[in-house]
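K.L.:
Compute the structure for the input listed below.
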Amino acid sequence: MAADLESYAKAKGIKYFMVSYTDLFGGQRAKLVPAQAINDMAVEGAGFAGFATWLDLTAAHPDMMAVPDPASVIQLPWKPEVAWLASNCVMEGAPVEQAPRNVLRRLVDEAAKEGLRVKTGVEPEFFLLTPEGDKVSDPYDTAEKPCYDQQAVMRRYDVISEVCDYMLALGWEAYQNDHEDACGQFEMNWKYDDALQTADKHSFFKFMMKSVAEKHGLRASFMPKPFKGLTGSGCHAHISVWDLDGKTNAFSDDSKELGLSDRGRTFLGGIMTHASALAAICNPTVNSYKRINAPRTTSGATWAPNTVTWTGNNRTHMVRVPGPGRFELRLPDGAANPYLLQAVIIAAGLDGVRRKADPGRRHDIDMYTQGHTVTNAPKLPLNLLDALRDYDKDETLKALMGTSFSNAYLKLKRQEWDSYTAHFSRWEHDNTIDI
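P.N.:
Numbering: from 1, shown residues only. Reported below is the predicted structural model:
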């Protein structure tokens, strides 16, 4: 392992390695390690005080070591003398069970025991803002329906094309970029991959997008709903499951409804069964529920679900099946932790496969105009606290995600909710001062 990274550094002209891990809140933490020292770091890991980041640890805990995964190494295209490494968190020789990448790795192994190899693609949406983050960076980007706006995307060509060029050079097979449905909002797409590789790429993409935006004097934000009245940022996940050889799509069966195999239906059944609890992971912030439960935006639609329903090729539902052998989960938003998002998809789907879960009735109506006619489908949580309560009640999902992780996540997220409720807002002042 160490020899591989040493050789990589010499061959690529790497001066520093960024040994990185992601905490429970999606924060990316790193140490900059000189290439001359990577030999030791590759074996022992870089030391961190876990308590100093969003993990449920104390100041008295031993050093947490981030052991780099050499297979994840990426040379920074915008600063080629640096290479990024996703890492696995270890403490006193044992994996830190609550660490997001460890949660995902364990669930990938669980799926493999069932003969399943989960592949996913993500569609991260983001805003390009002024450096202060208080408004859209392009003053001319003001259309009522700005989606796919040709002029608006070209005004941000320098940023978007630079990141797309980097993805192409990295071999990610980037295939399209567009201006999305809110003013100042964009989406960039690359080819699907195994769940762990997708999570690593998703994590690196956010780092890369923010870095390149800063280089151009802008700020990239993946906040779910930064502006009232504008469409929020989703992070839709396209999901397919394959045999372990990666060549046969276990979700695909042309003889079945929508080309989705019986096993695919049971995986979908798991997603539908655990949907309300999934929200705690897929929509992890207070702000997330401004996107899910938003009134109609200026463009005419929120493009976000608020009810647990599935359909064919129809974007108004929580899950759509756009073609044979895969489905799209439209629940996640831009704040979703790249590793936990993949982990919870596998956990819910795996439970569905094991229990042969039925996804329920398919609805083909426009949920934005006819959703009130659906009376037997659960509503998604109204706020983060409701989502956390739903997750806490879902003993099966909690166990699949891991007891250590679930306890830590619930504890820290409840603290976040308490902090939010203790905050005094301008709305309270404006609406209560003369009561």
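
K.L.:
Backbone dihedrals for the spatially closest residue to Val319 that is not a sequence neighbour, both of them.
P.N.:
Leaving aside its sequence neighbours, Val319 sits nearest to Trp310 (Cβ to Cβ, 6 or more residues apart in numbering; 3.9 Å). C-betas here are computed from N, CA, C, even on glycine. Dihedral pair for Trp310: phi -130, psi 160, per degrees, to the nearest 10.

K.L.:
you'd agree Trp310 is up against Asp364?
P.N.:
No: judged on Cβ atoms under 8 Å, Trp310 makes no contact with Asp364 at a distance of 10.0 Å.

K.L.:
Just the mean pLDDT for stretch 113-121, thanks.
P.N.:
Averaging pLDDT along stretch 113-121 gives 96.

K.L.:
Can I get it in CSV? Just the C-alpha atoms.
P.N.:
What follows is stretch 113-121, C-alpha atoms only, in CSV (Å, rounded to 0.1, in the frame of the first residue of the first chain):
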residue,chain,number,x,y,z
LYS,A,113,-23.4,-11.6,0.7
GLU,A,114,-26.8,-11.5,-1.0
GLY,A,115,-25.0,-11.7,-4.4
LEU,A,116,-25.8,-8.0,-5.1
ARG,A,117,-23.6,-5.2,-6.4
VAL,A,118,-25.3,-1.8,-6.0
LYS,A,119,-24.4,0.8,-8.6
THR,A,120,-25.6,4.4,-8.4
GLY,A,121,-25.3,7.7,-10.1
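
K.L.:
can you pull the buried residues of that stretch?
P.N.:
By 16 or more other Cβ atoms under 10 Å, the buried positions in stretch 113-121 come out as Leu116, Arg117, Val118, Lys119, Thr120, Gly121.

K.L.:
now swap in stretch 221-235 and tell me
P.N.:
221-227, 230-235.

K.L.:
just checking, next helix/strand downstream of the helix or strand hosting Lys290?
P.N.:
Using DSSP states H and E, Lys290 falls within helix 288-292. Following helix 288-292 in sequence order, the next helix or strand is strand 310-311 (DSSP H and E).

K.L.:
what's downstream of that following strand, the next helix or strand?
P.N.:
Counting by DSSP H and E, what follows strand 310-311 is strand 319-323.

K.L.:
what's in contact with that next one?
P.N.:
By Cβ atoms under 8 Å, 6 or more residues apart in numbering, the list of residues contacting strand 319-323 from outside reads 258-260, 268, 271-272, 309-314, 327-330, 359.

K.L.:
how does it look with 7 Å?
P.N.:
Among residues not part of strand 319-323, those counted as contacts by Cβ atoms under 7 Å, 6 or more residues apart in numbering are 258-260, 268, 271, 310-314, 327-330.

K.L.:
Could you do stretch 204-214 as well?
P.N.:
So stretch 204-214 is contacted by 28, 74, 78, 84, 124, 126, 128, 159, 162-163, 166, 219-220, 222 (Cβ under 7 Å, 6+ apart).

K.L.:
Show the subsequent helix or strand relative to the helix or strand of the chain with the lowest mean pLDDT.
P.N.:
Every helix and strand of the chain was ranked by mean pLDDT, DSSP states H and E. The lowest is helix 2-12, at a mean of 87. Toward the C-terminal end, the helix or strand that comes next after helix 2-12 (DSSP H and E) is strand 16-22.

K.L.:
which strand in this protein runs the most residues?
P.N.:
If you go by DSSP state E, the chain has its longest strand at strand 117-129.

K.L.:
Tell me the gap between that one and the middle of its chain.
P.N.:
Computed by Cα atoms, centre = their mean, to the nearest Å, the chain-centroid distance of strand 117-129 equals 7 Å.

K.L.:
And for stretch 271-286?
P.N.:
Counting by Cα atoms, centre = their mean, stretch 271-286 is centred 12 Å from the centre of its parent chain.

K.L.:
for stretch 388-397, same thing?
P.N.:
Distance, stretch centre to chain centre, for stretch 388-397: 20 Å (Cα atoms, centre = their mean).

K.L.:
any low-confidence regions in the protein?
P.N.:
Scanning the chain for pLDDT under 70 picks out 1-3.

K.L.:
and the longest helix for it?
P.N.:
helix 195-215 (DSSP state H).

K.L.:
and it with strand 16-22, angle?
P.N.:
Taking axes from the mean of the first three to the mean of the last three Cα atoms, to 10 degrees, one finds helix 195-215 and strand 16-22 inclined to each other by 120 degrees.

K.L.:
Next, the buried residues of helix 195-215.
P.N.:
195-210, 212-213.

K.L.:
and it, how far out from the chain's middle?
P.N.:
11 Å.

K.L.:
Against which helices or strands is the next helix or strand after that helix packed?
P.N.:
The helix or strand immediately downstream of helix 195-215 is strand 219-221, counting by DSSP H and E. In terms of contacts (3 or more Cβ pairs under 7 Å, 6 or more residues apart in numbering; DSSP states H and E), strand 219-221 is packed against strand 117-129, helix 195-215.

K.L.:
from the buried residues of stretch 221-235, which two are the most distant?
P.N.:
Phe227 and Cys235 (17.6 Å; Cβ to Cβ).

K.L.:
Strand partners (parallel or antiparallel) of the helix or strand containing Glu187?
P.N.:
Element membership of Glu187, judged by DSSP H and E, is strand 185-189. Note on strand 185-189: by DSSP bridges, its sheet partners are strand 117-129 (antiparallel), strand 176-179 (antiparallel).

K.L.:
Which helix or strand contains Ala343?
P.N.:
Going by DSSP H and E, Ala343 is in helix 338-355.

K.L.:
And the least confident helix or strand of the chain, what's buried?
P.N.:
Neighbour-count burial for helix 2-12, counted by 16+ other Cβ under 10 Å, picks out Leu5, Glu6, Tyr8, Ala9.

K.L.:
How far does it sit from its chain's centre?
P.N.:
For helix 2-12 - counting by Cα atoms, centre = their mean - the centre lies 30 Å from the chain centre.

K.L.:
tell me the angle of it relative to strand 16-22?
P.N.:
Using the same axes, to 10 degrees: helix 2-12 against strand 16-22 is 130 degrees.

K.L.:
Kindly report the domain assignment for this structure.
P.N.:
2-88, 106-426 (automatic domain parsing).

K.L.:
from the chain's centre, how far out does the first one sit?
P.N.:
Yep, that's domain 2-88 we're talking about. 21 Å.

K.L.:
about what we covered before: hmm, who's touching the helix holding Lys290?
P.N.:
224-225, 232, 283, 304-306, 333, 335, 380-384.

K.L.:
Now for Pro62: which residues touch it?
P.N.:
Residues counted as contacts of Pro62 (Cβ under 7 Å, 6+ apart) are Met91, Glu92.
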